[in-house]
Each structure stands twice: as structure tokens, then as C-alpha cells.
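Trainee: Build me a model:
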Amino acid sequence: MTKNSSRRSFLRSAAIAAVAGGLPLQTAKSSDVKDAACFSNQAKGMTILFQGDSITDGKRGRNADPNHIMGHGYAFSISSRWGADFPSSDLLFYNRGISGNTITQLQSRWQTDCLDLHPDVLSILIGINDAAKFVENPPAETEEIYVQAFEDCYRNLLEQVRKHDSNTLIVLGLPFLAPVGKIKEHWNSYQPMVAKLSDRVRNLAVEFDAVVVDFQRVFDEATKKAPDAYWIWDGIHPTVPGHELMAREWITQVSKRLKFLKIYS
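Mentor: Now for the predicted structure:
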């Protein structure tokens with residue numbers, strides 16, 4: 001069995017029943033890591049790819065400098081924990097988020113920035129720029145046609161992934177926003193569009209057996225503890241604490257499929 005097929009066989013067998021979620025995720029305790037040692041070998045050699053727009057980009061480096069390649073957002077936090085607790089020389093993390101990207105721009109670079117990287121785990125967060133484009137520069141087509149085009153393009157990307165490797169674990173983050181800054185001024189236009197795009201992403205998650213990460217729900221809950229701007233400073237981009245909430249929720253949801261990540265729950 002090749003290394004790639006072995007990793008993908010592990011992904012197939014790693015699906016588990018839902019585990020308790022919602023607890024603060026700290027760095028794994030040494031005792032937890034010891035208990036999870038039996039999974040370490042299975043977790044080695046995996047490739048994890050984060051895709052999306054500026055929220056994922058996090059001003060990542062564009063060269064091989066390992067100090068900057070993951071950016072300074074949720075993708076960095078997830079990778080740092082996973083990599084520290086399950087170290088392996090052939091464990092790879094990629095961040096290919098690009099600031100400002102819409103779903104069609106993501107599609108234009110899909111071969112190079114996704115398929116050619118052969119991810120075992122593919123995480124996508126896209127949609128806020130599609131919503132902004134519709135609100136700020138209304139297209140000629142109707143809202144329904146616009147939203148359907150978003151879904152069709154997104155589906156095409158996922159179909160390519162499944163055709164390339166049917167065992168890739170797909171993680172779909174739902175786009176989110178907060179009533180801060182210009183978003184607050186145009187809330188009645190932005191919020192319904194983001195909600196419609198999120199509904200389409202949920203449908204795609206069912207269609208492609210993907211993990212859903214509902215970031216909007218997390219931020220809505222967080223406002224009970226601190227104002228919106230504490231978590232999302234301009235209505236779109238999370239702060240440092242906001243990215244931490246995203247990392248926690250991502251790990252919580254993905255741990256339902258990858259058993260060795262259960263140590264964080």
C-alpha cells in the first residue's frame with residue numbers, strides 16, 4: 001500500500017460518532033497526548049490545505065519561510081496545535097487563501113492551489129467577497145441567479161476534488177459577518193445575502209459529505225461576552241480572539257471525523 005493510499009484509508013476509518021463540543025480548546029494536556037499516542041502514527045504524513053479569502057490568507061508569506069507561511073489567523077492556530085501534538089516530518093500544512101477572492105477567483109486557481117497539492121483534509125472558507133460584490137456593485141442578474149451561480153461554481157470545485165480523490169475530507173466554513181463599520185451601515189443588505197450563501201454551502205456539505213463549521217453561530221454566541229467589534233473588528237475580519245474562536249470551532253467539528261483530534265474536545 002502506498003503512503004497516500006494508507007493516509008486516505010485512515011481518513012475513511014477515522015469517521016466517528018459525534019463527540020461533546022463547545023468546550024474551550026487549550027493546548028492538549030500531556031496526559032491527553034499520551035492517551036492519543038496510538039493515533040500518532042496514523043496521523044502522520046497527512047496534508048492539510050486551508051483555502052479561501054483574506055480571513056484565511058492572514059497576510060501569509062508567499063515563499064517557503066516557515067515562520068510566515070500559515071499567516072496569522074485561524075489556519076495558523078489549528079496547524080500549530082495539530083503539528084505540535086502530532087509531530088511528523090511528512091505532516092504538511094498549506095495556506096492558499098488569497099485576500100479579496102470570490103468563488104470564481106478560487107475556481108481559476110483550483111488546479112494549482114488545490115488539486116496539485118493532494119490534500120487529505122481540505123478546508124474552504126469563501127463567500128464574504130461574493131456577498132460584498134453583490135451589495136456594493138449589484139450585477140445585472142437577479143439575486144436568485146447570482147446565488148445559484150455561486151452554488152454551481154462551488155459545486156464544480158468540490159466535484160473536482162471528489163474526482164481527484166474520493167477520500168479527501170472536506171471541511172466547509174460558513175461565511176460570516178458582524179454589524180460593525182460599513183457592514184453595520186448596510187446590514188439589511190449584507191446579512192440576508194450572507195445567509196443565503198451560507199444555506200447553499202450547507203446544502204453542498206450534505207451533497208459532498210463534508211464537515212460544516214458554522215462560524216456565524218460561534219460569533220453570535222460570543223457577543224454575549226463581549227461586543228461584536230471585540231471579535232470582528234470591521235464587520236468582516238476577525239481579531240486575534242476572533243481567530244481563536246474560529247480555530248476552536250474548526251477543531252471541534254473536524255474531531256467528529258478525525259478521532260485523534262478528539263483530545264481537544
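
Trainee: doesn't Asn67 make contact with Phe76?
Mentor: No. Taking CB atoms under 8 Å as the definition, Phe76 is not a contact partner of Asn67, at 10.7 Å. Where you see a C-beta, it was placed from the backbone N, CA and C, and this is true even at glycine.

Trainee: Between these two, tell me which one has more neighbours.
Mentor: Using other CB atoms under 10 Å, the more surrounded residue of Phe76 and Asn67 is Phe76, with 20 against 6.

Trainee: so what's the more buried one closest to, chain neighbours aside?
Mentor: With sequence-adjacent residues excluded and distances taken as CB to CB, 6 or more residues apart in numbering, Phe76 is closest to Met70, at 4.2 Å.

Trainee: so who does that neighbour touch?
Mentor: By CB atoms under 8 Å, 6 or more residues apart in numbering, Met70 lies in contact with Phe50, Gly58, Arg60, Phe76, Ser79, Ser80, Phe93, Asn95.

Trainee: out of those residues, who has the most neighbours?
Mentor: Most crowded among the contacts of Met70, counting by other CB under 10 Å, is Phe50 at 30 neighbours.

Trainee: okay but that residue is in contact with Arg96, surely?
Mentor: Yes. Using CB under 8 Å, Phe50 is in contact with Arg96, at 7.0 Å.

Trainee: Distance of the residue lying closest to Gln216 once chain neighbours are set aside relative to Gly73?
Mentor: Nearest residue to Gln216 in three dimensions, chain neighbours excluded: Phe176, at 4.0 Å (CB to CB, 6+ apart). For Phe176, the distance to Gly73 equals 13 Å [CB to CB, to the nearest Å].

Trainee: ditto for Glu151
Mentor: From Glu151 to Gly73 the distance is 26 Å (CB to CB).

Trainee: picking up where we left off before, narrow the contacts of Met70 to those in helices?
Mentor: Within those, residues falling in helices by DSSP state H are Phe76, Ser79, Ser80.

Trainee: ok, back up a step: to what extent is the residue nearest to Gln216 buried, counted in neighbours?
Mentor: 25.

Trainee: Please verify my assumption that it contacts Val194.
Mentor: Yes. With contact defined as CB under 8 Å, Phe176 and Val194 form a contacting pair (7.0 Å).

Trainee: Give the residues shared as contacts by those two.
Mentor: Ile128, Gln216.

Trainee: Dihedrals phi and psi, Phe215?
Mentor: phi -70, psi -30 (degrees, to the nearest 10).

Trainee: Can you check the pLDDT for the residue lying closest to it once chain neighbours are set aside?
Mentor: Spatial nearest neighbour of Phe215, chain neighbours left out: Phe176 (4.5 Å); criterion: CB to CB, 6+ apart. For Phe176, the pLDDT comes out at 98.

Trainee: for Phe176, what are its contacts?
Mentor: Ile128, Val194, Phe215, Gln216, Phe219, Ile232.

Trainee: Please repeat the previous calculation with a cut-off of 6 Å.
Mentor: Contact analysis of Phe176 by CB atoms under 6 Å, 6 or more residues apart in numbering lists Phe215, Gln216, Phe219.
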